[in-house]
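1. Provide a 3D model corresponding to the input given below.
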Amino acid sequence: MAQANTMELIQSRLSDLNLHLPPPGAPKANYQLIHSDGDLLYLSGHLPMKSDGSLVTGCLAPEDAIAGSSASSNTVTTDPTHQLLTTQQGYEGAQHCALNLLSSLQSYLATNMTRLNSDTGTREPCDLTDIVKIVKLFGIVRSHPQFIEQHLVMNGASDVLGAVLGKEVGGCHARSAIGTNTLPLGICVEVELIAKIDSSVSKQNP
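-> Predicted coordinates for the structure are as follows:
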């Protein structure tokens, strides 16, 4: 049987991976970061934002396109939103998306949801341990016309969620990955998520 999650265990997994949750972000336009419906939380697309607030920008491209771009002075660009990225760089961008998704989940649960403490009989704020399952991920990868490794880029998000929350909770989710020619702010990847939470938790302000 899988070990039950505790926040200490989650923090330990993050430390072992040399990762940490960034501060929770805010919507970049007119929408909610998280919408709850019963025991499901629907998270809007999250960006590959690093802990310093910078974004992973650029377009995923096959190695031969990157090599050709480097060799041709006519295609070299100093604009980071137009740079060509390797699959590994996209993978790392998707990792940042997953960390931001986890940060948003932790913030939302602690602020909006409570659980009953059976020892004290009082209700207390929820946290990431109240996630029963990551149900599905949907990833959008900014792609060169010949790039076909969107699924490998999205492994970055899947691997982080599985490693941090454990395989039974964070891994083994459904997933889709598509390519597109552009994304907001020049980012390389955007990831949205559906999570199932413990049915016993309650909204603080239903």
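
2. need the strands for this protein, in chain order.
-> Using DSSP state E, the strands assigned to the chain run over residues 34-37, 40-46, 59-60, 84-85, 113-116, 123-125, 131-142, 174-180, 189-197, 202-203.

3. Just say which of those strands is most tucked in.
-> Of the strands of the chain, the one with the most neighbours on average (mean count of other CB atoms under 10 Å) is strand 59-60, at a mean of 26. Placement of C-beta: from N, CA and C, glycine included.

4. Average pLDDT for the longest helix seen in the chain, rounded please.
-> Looking across the chain with DSSP state H, the single longest helix is helix 87-112. Here helix 87-112 scores 97 as its mean pLDDT.

5. That one to strand 40-46, inter-axis angle?
-> 130 degrees (axes from the mean of the first three to the mean of the last three CA atoms, to 10 degrees).

6. quick one: buried residues of stretch 158-167?
-> Neighbour-count burial for stretch 158-167 flags 158-166 (criterion: 16 or more other CB atoms under 10 Å).

7. before we move on, what about stretch 62-71?
-> 62, 65-66, 69.

8. Tabulate these in JSON lines, adding columns for pLDDT and distance to V153.
-> Shown next, in JSON lines, are the buried residues of stretch 62-71 (pLDDT from 0 to 100; distance: CB to CB, whole Å):
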{"residue": "P62", "pLDDT": "97", "distance to V153": "12"}
{"residue": "A65", "pLDDT": "94", "distance to V153": "15"}
{"residue": "I66", "pLDDT": "94", "distance to V153": "14"}
{"residue": "S69", "pLDDT": "79", "distance to V153": "19"}
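
9. Thank you kindly, that will do.
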